[in-house]
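[1] Okay, predicted coordinates and the sequence, questions at the end:
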Amino acid sequence: MSQDKFLIIGAAGQIGTVLTQTLRKTHGYNKVIATDIRDGEPGDACFEKLDVLDIARMAEIVNKHRITQIYHLAAILSAKGEAAPLRTWEINMKGLFNVLEVAREMNVAKVFFPSSIAVFGEGAPKDNTPQDAVLKPTTVYGISKVAGELWGQYYWERYGLDVRSLRYPGVIGHQSEPGGGTTDYAVEIFHKAMSGQPFVCFLKPDTCLPMIYMDDAIRATLMLMDAPAEKLRVRTSYNVAGMSFTLAEIAASIQKRIPTFKVSYEPDFRQAIAESWPHSIDDSEARRDWGWEPAYDLEKMTGDMIAHLQMRYAIQNC
Ligand code: AKB
């Protein structure tokens, strides 16, 4: 068993919830310290309340628990970020700087920083968007991710801090709910279908976006973090792909299993964000450097989501 001690920042979020559970299953409960701005379970010695803007508290937690790896997942996402651009910049960038500085000062071995397909914008090819496509994002979230990628690379090159990163597509999972993203619809659609309600979508039916199933997203994260440092030729952030589909396609995939499910469309400001992003991603560098291969396509993901949510909704309705 490894001697690592993990710190998850944003552990109550969509990815943080599942990553915390997965790392605890592999390494043991006490090896993973969950932190969030929200309260944890009373009396949980492996939870610490943390505001990412509070560097002194972050350093205290890293010191107290002798942390060797930090997964920094706290951020304001694309749609919510547009309501308060300067606040989003502050949280996303100052939060990252605090993590990088604490990790550098306290000799943390590895840092994970999530980037996103939101780094792409005008000028990047829409289909099979390559790793080194032009990065001209339109959202403050996307701008913060481009800057974050470059700062991660800077800390690696300047200080030897081992910062690793993935450009996540929209993440779909049954275990936790997303919040504030443009791709959130792809989780909400399942909950509406399972609770017998119609779904009114904020994007048009032909909007095609890259997505990844939670199991694949977690597996990709851990594969990257476990890869030998000398294999990693990308020190900004790796493109990573799962599947791509339009809204009409995911609706049809659910309707194959739940024929009474109804979807209608009322696009809002998030349509423009979605249209600035790629349709699909070329992740050949991730495949080459650390053996990435997704396990879930649209049909397999829909089947698995419905099976898990069926159990959850059945228990809730008992
Ligand atoms: C969002 O929609 O903002 C996020 C993302 C693609 O990074 N899910």
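    It's in.
[2] Tell me how far the residue nearest to L96 when sequence neighbours are not counted lies from I55.
    The shortest distance from L96 to any non-neighbouring residue, by Cβ to Cβ, 6 or more residues apart in numbering, is to G148 (5.1 Å). For every residue, glycine as well, the C-beta is placed using N, CA and C. Counting by Cβ to Cβ, to the nearest Å, the separation of G148 from I55 is 16 Å.
[3] These two: who's more crowded?
    The residue with more neighbours, out of G148 and I55, is G148; 28 against 17, by other Cβ atoms under 10 Å.
[4] Pretty sure the more buried one sits against N92.
    Yes - counting by Cβ atoms under 8 Å, N92 is a contact partner of G148 at 7.0 Å.
[5] so who does the one residue in the stretch 101-250 of the chain that gets nearest to the ligand touch?
    Proximity to the ligand, evaluated over the stretch 101-250 of the chain using Cβ to the nearest ligand atom, is greatest for G181 at 2.8 Å. Contact analysis of G181 by Cβ atoms under 8 Å, 6 or more residues apart in numbering lists L77, S78, A79, K80, G170.
[6] and the fourth one, how many neighbours?
    A count of nearby residues for K80, using other Cβ under 10 Å, gives 17.
[7] How about the secondary structure of it?
    Counting by DSSP: H, G, I helix; E, B strand; the rest coil, the backbone at K80 sits in helix.
[8] A59 should be in a helix, yeah?
    Yes - remark: A59 belongs to a helix, assigned using three-state DSSP.
[9] That one - nearest residue in space that isn't next to it in sequence?
    Nearest to A59 is V102, by Cβ to Cβ, 6+ apart, at 5.0 Å.
[10] next one: D54
    Counting by Cβ to Cβ, 6+ apart, N98 is the residue found nearest to D54 once chain neighbours are left out, at 7.8 Å.
[11] what do you get for A147?
    M93 (6.4 Å).
[12] could you say which helix or strand contains E149?
    Here E149, judged by DSSP states H and E, is contained in helix 140-159.
[13] who's in contact with that helix?
    75-78, 81-82, 85, 88-89, 92-93, 96-97, 100, 103-104, 111, 113, 115-116, 118-121, 135, 137, 161-165, 167, 235-237.
[14] ok, which of these also contact the ligand?
    L77, S78, S116, A118 (Cβ under 6 Å from any ligand atom).
[15] wait, what's in contact with the second one?
    If a contact means Cβ under 8 Å, 6+ apart, then S78 has S116, A118, T139, Y141, G142, G180, G181, T182, R270, I273 as its contacts.
[16] swap the cut-off to 6 Å and go again
    Neighbouring residues of S78 by Cβ atoms under 6 Å, 6 or more residues apart in numbering: A118, T139, Y141, G181, T182, I273.
[17] Please apply the same query to the first one.
    Under the criterion of Cβ under 6 Å, 6+ apart, the neighbours of L77 are Y141, G180, G181.
[18] Tabulate these in CSV, adding columns for pLDDT.
    Output for the contacts of L77, formatted as CSV (pLDDT from 0 to 100):
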residue, pLDDT
Y141, 98
G180, 97
G181, 98
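[19] Give the buried residues for stretch 275-285.
    Buried residues in stretch 275-285, counted by 16 or more other Cβ atoms under 10 Å: S276, W277, P278, H279, S280, I281, D282, D283, E285.
[20] how about that stretch as PDB, C-alpha atoms only?
    Output of stretch 275-285 as PDB, limited to C-alpha atoms (Å, rounded to 0.1, in the frame of the first residue of the first chain):
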ATOM      1  CA  GLU A 275     -21.500  26.600 -29.500                       C
ATOM      2  CA  SER A 276     -18.100  28.000 -28.700                       C
ATOM      3  CA  TRP A 277     -16.900  24.500 -27.600                       C
ATOM      4  CA  PRO A 278     -15.700  21.500 -29.600                       C
ATOM      5  CA  HIS A 279     -18.000  18.700 -30.800                       C
ATOM      6  CA  SER A 280     -15.400  16.000 -30.200                       C
ATOM      7  CA  ILE A 281     -11.900  15.800 -28.900                       C
ATOM      8  CA  ASP A 282      -8.700  14.200 -30.200                       C
ATOM      9  CA  ASP A 283      -7.000  12.600 -27.100                       C
ATOM     10  CA  SER A 284      -4.200  10.800 -28.900                       C
ATOM     11  CA  GLU A 285      -1.500  12.300 -26.600                       C
END
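[21] Now Q21: closest residue in space, sequence neighbours ignored.
    Q21 sits nearest to Q175 (Cβ to Cβ, 6+ apart), 7.5 Å away.
[22] For Q21, grab the count of nearby residues.
    Considering only other Cβ under 10 Å, Q21 is surrounded by 17 other residues.
[23] what residues does the stretch 151-300 of the chain put near the ligand?
    So the stretch 151-300 of the chain meets the ligand at Y168, G170, G181, T182, T183 (Cβ under 6 Å from any ligand atom).
[24] One more pass at 5 Å, please.
    Within the stretch 151-300 of the chain, the residues that sit near the ligand (Cβ under 5 Å from any ligand atom) are G170, G181, T182, T183.
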